[in-house]
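Visitor: Attaching a predicted model along with its sequence, questions to come.
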Amino acid sequence: MIPQSDDVALQRVSGALVDAIGEEATDQSDRLASMAKLYRETHRVALEQQARAIWFHRMASELARTPRGWLRWLPHWFVHRQMNRRLVRLGLFDADRYVGRYPDVARSRHGPLHHFLENGLIEQREGGPDFVATFHFHTNPEMLPLILSSGLFDPDWYARTYQVEGTPMALLQDYLDRSSDDPLCEPGPLFSGAFYRIENPDTRSLHPLEHYVAYGMQEGRRAFRPATADRFMAGGDGHSLRGLADFLTPGRKAVVLHWEQGNFFFTDIARYTAEAIAALGHEVALLVNHEGLDLADQDIFVVAPHEYCVHGPGAHFFKEAAKRLVHINTEQWHTSWFSLALHKMTESKRALDINPLSARGLGRLGIQAGFLPLLPRAGGVFDFKQRRLSQQVTALRAVKPLIFPADFADRPYDILFAGALNDRRGEALAKLAPALSNYNCFLHAPRLRGRPITAQSPNMINSGDLAQLARNAKILLNIHQGDSHYFEWHRLVLSGIAQGCVPLSEPCADIGLVKPGEHYVSARVEEMADRLKWLLETSAGRRELMRLHKNGRTLMTKLETM
């Protein structure tokens, strides 16, 4: 029992702590409010500067245009007048407005445009339209149902966050009105109007969410911050995952479509999907073109809709058929390719994904989504039998003899890396270069130019060749292509663990099935050099590699029964 005097002292201490915590919370709230105010002001200035930069670029392009045809022989004053009229028509420069702003320009001998180019720029005079950022938009009423259908406006989340009530349509209207004055007002946990406008400054005439739903998706506009998309996908635990069988109709034929000129790996996924459907007892056709085919009574699966439905024959799907498609998404959420795919998935509301977290995220957007795990099923496209490397690989690269040893420790390559080179990966590999130089490595990092990697691409290593290399390597190095922590199933599982290779990866989102410390090593790029040294050069590290290697074999046995 606490004596009364001690009890009083305890109450005083507790009261002082409560007061201190309350003051700290108030200070924290004030700091957050100040930061929000600063952000709004900075955001406004950034948009103004972006608008001004775009205007300067357009002005320079117009002024650099040389007269063509018969205009080349006309007097300079006539060409100059025509230029003035064109700039006014394009909303780039209004001579009357410029004179109205700066009355002294009326005394200039050579006219307002000449004055602006000769003197106004140096004197920092405003020669273009009003660059004051405005957030007031007039949304087309016909767009409201489409915005609601997109799933990017979350009525429940919005009502909780901003403490308002109403029907979904009333809440959406409240968001559109509120966000016109406040760029920090968001429609849900995924889409950010402020981020979208910074990424796409030319869209400032429309509300960001309206623009993305109406135009941005089909134009392939980047819309999601990597970290925000990661959190959104991780928050989809409440959405049950479907499987391939849930998208098949008993007794109905199935068609799997893919773009003939697309990425070779997507062709592999299309073949895998067809194999999996056939294994479930359904008749299936694998095609590169649906035109002329009666799709009325068939289940239709489209692999990589950002290819088939944008560049391929799928661009001409009839509207009714487009609503029945099951799209197989292969893209990470922060990319422009995902926006193209999302445009198609929001039409049909049915999708499969090769990443379970991504599938759950699609479920949060109101899409019936399932997980399609890519596995080396016996006799299938990803069941890579031991064979020699193709001539395409051996003719262009120095490759160590592949010996396929029974003992993991005898694999000839210490480290394998295969991935398209970009600035982020280039910087990471440069940091790791001193460490990598100490080991036997196979590094394949071609600089791709945004085109699909086909079987004819000179820097292509197909899945079968990569599997042979992985079976002769101890560690598969994984560096994310962007800032997202997206779990690259096809690389870590299909090309790594399934081939007995132990992945060393940057931190990945937790997908539950495959765990860091149990099936792969997780480390930041800054830690990788030390981790490699420990794994490859110490007895404890080698034991850890062997443990992870054995865990990987057990995992694959478990996954192949899914």
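Guide: Happy to help now that I have it. Residues are numbered from 1 along each chain as shown.
Visitor: How far away from the center of its chain is whatever helix or strand F301 lives in?
Guide: Applying DSSP states H and E as the criterion places F301 in strand 298-303. Chain-centre distance of strand 298-303: 24 Å, with CA atoms, centre = their mean, to the nearest Å.
Visitor: same for the very next helix or strand once past that strand, what does it pack against?
Guide: Beyond strand 298-303 on the C-terminal side, the first helix or strand identified by DSSP H and E is helix 305-308. With contacts taken as 3 or more CB pairs under 8 Å, 6 or more residues apart in numbering; DSSP states H and E, helix 305-308 sits against strand 326-329, helix 336-348. C-beta coordinates here come from the backbone N, C-alpha and C atoms, glycine included.
Visitor: Highest mean neighbour count out of these?
Guide: Of all those, strand 326-329 carries the top mean neighbour count, a mean of 28, counting by mean count of other CB atoms under 10 Å.
Visitor: what sits up against it?
Guide: The contact list for strand 326-329, computed with CB atoms under 8 Å, 6 or more residues apart in numbering, reads 247, 269, 273, 299-305, 309, 338, 341, 344-345, 348, 350-354, 358, 362, 372.
Visitor: picking that back up, note down every partner strand of the strand holding F301 and its orientation.
Guide: Strand pairing for strand 298-303, determined by DSSP bridges: strand 253-257 (parallel), strand 326-329 (parallel).
Visitor: Reformat the ones you listed as TSV; add mean pLDDT and distance to T538.
Guide: As requested, the strands paired with strand 298-303 are exported to TSV (pLDDT from 0 to 100; distance: least, CB to CB, whole Å):
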stretch	mean pLDDT	distance to T538
strand 253-257	96	48
strand 326-329	98	41
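Visitor: L172 is nearest to which of these?
Guide: strand 326-329 (25.7 Å; CB to CB).
Visitor: P376: what secondary structure?
Guide: coil (DSSP: H, G, I helix; E, B strand; the rest coil).
Visitor: wait, isn't it in contact with E560?
Guide: Yes - between P376 and E560 there is a contact under CB atoms under 8 Å: 7.4 Å.
Visitor: Now do the strands in the stretch 301-450 of the chain.
Guide: With strands called from DSSP state E, counting those that start in this stretch, the stretch 301-450 of the chain shows them at 326-329, 350-353, 368-371, 413-418, 441-444.
Visitor: TSV for those strands, including distance to G220?
Guide: As requested, the strands of the stretch 301-450 of the chain are arranged in TSV below (distance: least, CB to CB, whole Å):
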stretch	distance to G220
strand 326-329	14
strand 350-353	18
strand 368-371	21
strand 413-418	26
strand 441-444	27
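Visitor: average pLDDT across the strand holding F301?
Guide: Rounded to a whole number, the mean pLDDT of strand 298-303 is 96.
Visitor: Can you say which of the helices and strands packed on helix 305-308 is nearest to Q218?
Guide: helix 336-348 (4.7 Å).
Visitor: Show me what the closest one is packed against.
Guide: helix 217-219, helix 305-308, helix 319-322, strand 326-329.
Visitor: and that helix with strand 298-303, angle?
Guide: Interaxial angle, helix 336-348 versus strand 298-303 (axes from the mean of the first three to the mean of the last three CA atoms, to 10 degrees): 160 degrees.
Visitor: chain center to helix 336-348, what's the gap?
Guide: 12 Å.
Visitor: got it, and stretch 219-237?
Guide: 7 Å.
Visitor: Next, the residues that contact it from outside, please.
Guide: Here stretch 219-237 has contacts from 189-192, 195-196, 199-200, 203, 212, 215-217, 306, 310, 332-340, 357-358, 360-361, 363-364, 482-486, 509-510, using CB under 8 Å, 6+ apart.
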